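Student: sequence isn't available, so here's the structure alone:
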């Protein structure tokens with residue numbers, strides 16, 4: 001059940017419901033119709049049926065082009081990526097006050113990369129002997 005909801009795509013001809021509420025590719029409601037009529041409409045226009053809501057009576061399906069399905073998948077992927085808020089990552093770097101210039105440049109570049117990735121950076125400088 002959860003796998004079916006996670007994937008957004010064409011359902012093809014595997015429709016377990018007899019009566020469906022159909023929405024066309026422009027977002028206009030075509031009303032309730034029998035599964036066979038919906039499949040005929042899908043074939044006539046070269047579109048695919050996509051389940052939008054199944055917890056309502058009758059379940060809502062939308063006729064979509066392959067391009068529309070692809071765009072919806074991209075939108076869902078972006079939302080999922082944006083909603084993932086991992087904990088704050090803290091990076092720590094320590095070096096001596098007698099560090100060579102090229103080593104200092106390398107570590108500075110590393111710190112800049114971490115800051116770009118929005119990590120918290122803690123720098124410790126030890127006094128040379």
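Tutor: Arrived safely. Owing to the predicted nature of the structure, the values given are computational and were not obtained by experimental measurement.
Student: pull the helix or strand with minimum mean pLDDT from this structure.
Tutor: Taking mean pLDDT, DSSP states H and E as the measure, the helix or strand of the chain with the lowest value is helix 2-6, at a mean of 43.
Student: which other helices and strands contact the helix or strand following it?
Tutor: Next along the chain after helix 2-6, taking DSSP states H and E as the criterion, comes strand 19-23. In terms of contacts (3 or more Cβ pairs under 8 Å, 6 or more residues apart in numbering; DSSP states H and E), strand 19-23 is packed against strand 29-34, helix 35-45, strand 60-64. C-beta here means a position set from N, CA and C on the backbone, and glycine is covered the same way.
Student: in its sheet, which strands sit next to strand 19-23, and in what direction?
Tutor: Strand 19-23 has its sheet partners listed here by DSSP bridges as strand 29-34 (antiparallel), strand 60-64 (parallel).
Student: domains in this structure, by residue range?
Tutor: 19-83, 90-126 (the TED database).
Student: now do the closest residue in space to residue 18 that isn't next to it in sequence against residue 57, distance only.
Tutor: Spatial nearest neighbour of residue 18, excluding adjacent residues (Cβ to Cβ, 6 or more residues apart in numbering): residue 35 at 5.6 Å. Distance of residue 35 to residue 57, given as Cβ to Cβ, to the nearest Å: 15 Å.
Student: those two: who's more crowded?
Tutor: residue 35 (16 against 9; other Cβ atoms under 10 Å).
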